[in-house]
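Visitor: give me coordinates for this.
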Amino acid sequence: MTDGGGLYLLVRRNGSKCWRYDYRFAGKRKTLACGTYPVVSLKAARDAVADAKAKLVDSIDPSQEKQRKRRDEVLEETSLFVVVAKEWWDHQRGTWTEHHADRVWRRIKEDVIPYLGHLSISQIQPPDILSVLRKIESRGALDVASRVLQDVRRICRYAVQTGRLVNNPAIDLTGVLKARKSKHRDSLPREQLPDFLRALDGYDSRGRLITKYAIQLLVLTFVRSGELRGAKWDEFDLDTGVWRIPAPRMKMKTEHLVPLSRQAITLLKKIAQISGSYDLVFPSERHRHEPMSDNTMRRAIFKLGYDGKTPGKRKAVPHGFRATASSILNEQGFNPDAIERQLAHMERNGVRAAYTHHARYLDERTQMMQWWADYLDSIRSTDQCTPLGG
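Guide: The predicted structure follows:
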């Protein structure tokens, strides 16, 4: 049904009625859809044709212009920060543990989306992001603020990669966050280590024997307390003297080898008499399928007087023995790279890190760990005390 001027109503066999406008552009016949009747009235259809003719005068193809606007509208909807953030998170979550993925999304959902989620990511400017960070800093959560900045920077980089952003607005915010004063874990100085070892030797009369053994093995190996508490018997090869900690249990998700000294092997054999029937070397007293709590070792150390309240005794915590061992081994002239590798500190340089192997400096580390165990025995020896693991 023709109206004139190129406009007509197309009536389909199913009864639907569609407005169409035929025109020529660049020498080719083209058709512009102007909506359906009666949703779009005759007047509205004529107005659409008038608008299309005005575009043709300016050498603009109305059909292409309509498609461009539709793409822009779709892009605008998919460019909302909340949409891009969720898309980025879905893209990344396969590379994370489930716990870490949940933690990242909870952080974004609680600290960022309420303020930036409704904005198109192309509208977000550095001051907008900085405002979010300042809100987090105001409650003293400086570590969270640092992680949020990292999250937003990665989300915006993903938006650049997917064509929804030209420049990353978070890239220039380096250095704007308040710096937290470096806080070192409480560790024993070298001169207090002998008294601590002698005090620990008598702990079995005041607590669980396996707790004392856990602390002794922690001192011998100076692994992270979580790596010790989660240790399983199948990780140990006492014949070759190696403790192989699998990557999922390591902080940096890289397998770690711990050479076992003679004292550590002897101690493990004693521990096996207590917990050898379980998967875990140090199971919880109440739930044998769960590891010993970090507070169990912490409380035991505090009971020995190393709680920061006893005159003449420095406060000590399980993690602090790593710093004590590192300090003494460096003073003794051991290879700093071997010490760092034994501490499972990853190389920060990306190229070197790619070649860092779990067995690097293993011979040096084996000798170093035996020296360390012998040293601990030498400084704690008294007529009443036996060597560690003895």
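Visitor: buried sites along stretch 17-29?
Guide: For stretch 17-29, the neighbour count (16 or more other C-beta atoms under 10 Å) marks 18, 19, 20, 21, 23, 25 as buried. The way it works is simple: take the backbone N, C-alpha and C, and place the C-beta from them, glycine included.
Visitor: what's the closest of those to residue 49?
Guide: For the buried residues of stretch 17-29, the minimum distance to residue 49 (C-beta to C-beta) is 4.9 Å, reached by residue 21.
Visitor: what sits against that closest one?
Guide: By C-beta atoms under 8 Å, 6 or more residues apart in numbering, the residues touching residue 21 are 6, 7, 8, 31, 32, 34, 45, 48, 49, 52, 62.
Visitor: what do you get for residue 229?
Guide: Per C-beta under 8 Å, 6+ apart, neighbours of residue 229: 214, 282, 291, 292, 293, 294, 297.
Visitor: out of the contacts of residue 21, what pair is the most spread apart?
Guide: 8 and 62 (15.8 Å).
Visitor: these two: which has the busier surroundings?
Guide: Using other C-beta atoms under 10 Å as the criterion, residue 8 and residue 62 rank with residue 62 on top: 21 against 18.
Visitor: can you give me the distance of the more buried one to residue 287?
Guide: Per C-beta to C-beta, to the nearest Å, residue 62 is found 71 Å from residue 287.
Visitor: my read: residue 294 touches residue 284, true?
Guide: No. The pair residue 294 and residue 284 fails to qualify as a contact (C-beta atoms under 8 Å) at a distance of 11.3 Å.
Visitor: tell me how many other residues crowd the closest residue to residue 113 other than its chain neighbours.
Guide: With sequence-adjacent residues excluded and distances taken as C-beta to C-beta, 6 or more residues apart in numbering, residue 113 is closest to residue 82, at 5.3 Å. Each residue near residue 82 was counted by other C-beta under 10 Å, and the total is 17.
Visitor: and if you look at the one 4 residues further on?
Guide: When counting by other C-beta under 10 Å, one arrives at 17 neighbours for residue 86.
Visitor: what segments of the stretch 101-250 of the chain are helices?
Guide: Assigned helices in the stretch 101-250 of the chain, in chain order: 113-116, 126-138, 142-161, 193-201, 209-221, 225-229 (criterion: DSSP state H, counting those that start in this stretch).
Visitor: could you list everything the closest residue to residue 24 other than its chain neighbours pairs with in the sheet?
Guide: Spatial nearest neighbour of residue 24, chain neighbours left out: residue 30 (7.0 Å); criterion: C-beta to C-beta, 6+ apart. Beta-bridge partners for residue 30, by DSSP bridges, are residue 23.
Visitor: any idea how far residue 30 is from residue 59?
Guide: According to C-beta to C-beta, residue 30 and residue 59 sit 14 Å apart.
Visitor: just residue 224 next, same as before
Guide: Separation of residue 224 from residue 59 (C-beta to C-beta): 69 Å.
Visitor: ditto for residue 287
Guide: 77 Å.
Visitor: circling back: which ChimeraX command selects the buried ones in the contacts of residue 229?
Guide: In ChimeraX, this line selects whichever of those come out buried by 16+ other C-beta under 10 Å:
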select :214,282,291,292,297
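Visitor: among the contacts of residue 229, which one has the lowest pLDDT?
Guide: Within the set of the contacts of residue 229, pLDDT is lowest for residue 294 (83).
Visitor: residues contacting it?
Guide: Counting by C-beta under 8 Å, 6+ apart, residue 294 makes contact with 225, 226, 229, 318.
Visitor: quick check: nearest residue in space to the third one, chain neighbours excluded?
Guide: Okay, so that is residue 229. Leaving aside its sequence neighbours, residue 229 sits nearest to residue 291 (C-beta to C-beta, 6+ apart; 4.2 Å).
Visitor: and the first one, by the same measure?
Guide: Using C-beta to C-beta, 6+ apart and skipping residues adjacent in sequence, the residue nearest residue 225 is residue 318, 3.9 Å away.
Visitor: count of residues packed around the one you found?
Guide: Neighbours of residue 318 using other C-beta under 10 Å come to 24.
Visitor: what sits against it?
Guide: By C-beta under 8 Å, 6+ apart, the contact set of residue 318 is 215, 218, 225, 228, 294, 297, 298, 301.
Visitor: make it 7 Å
Guide: With contact set as C-beta atoms under 7 Å, 6 or more residues apart in numbering, residue 318 has these partners: 218, 225, 294, 297, 298.
Visitor: find the residue closest to residue 119 in space, skipping its chain neighbours.
Guide: Among residues not flanking residue 119 along the chain, residue 81 sits closest, at 5.4 Å (C-beta to C-beta, 6+ apart).
Visitor: that neighbour: how many residues sit nearby?
Guide: Neighbours around residue 81, by other C-beta under 10 Å: 25.
Visitor: go ahead and confirm the residue nearest to residue 113 touches residue 119.
Guide: No. Between residue 82 and residue 119 there is no contact under C-beta atoms under 7 Å: 8.9 Å.
Visitor: now do the strands in the chain.
Guide: 2-4, 7-11, 17-25, 28-37, 236-237, 242-245, 256-259 (DSSP state E).
Visitor: rank those by pLDDT, which is bottom?
Guide: Ranked by mean pLDDT, the strands of the chain bottom out at strand 2-4, which scores a mean of 81.
Visitor: what's next to that one, contact-wise?
Guide: Residues contacting strand 2-4 (C-beta under 7 Å, 6+ apart): 8, 9.
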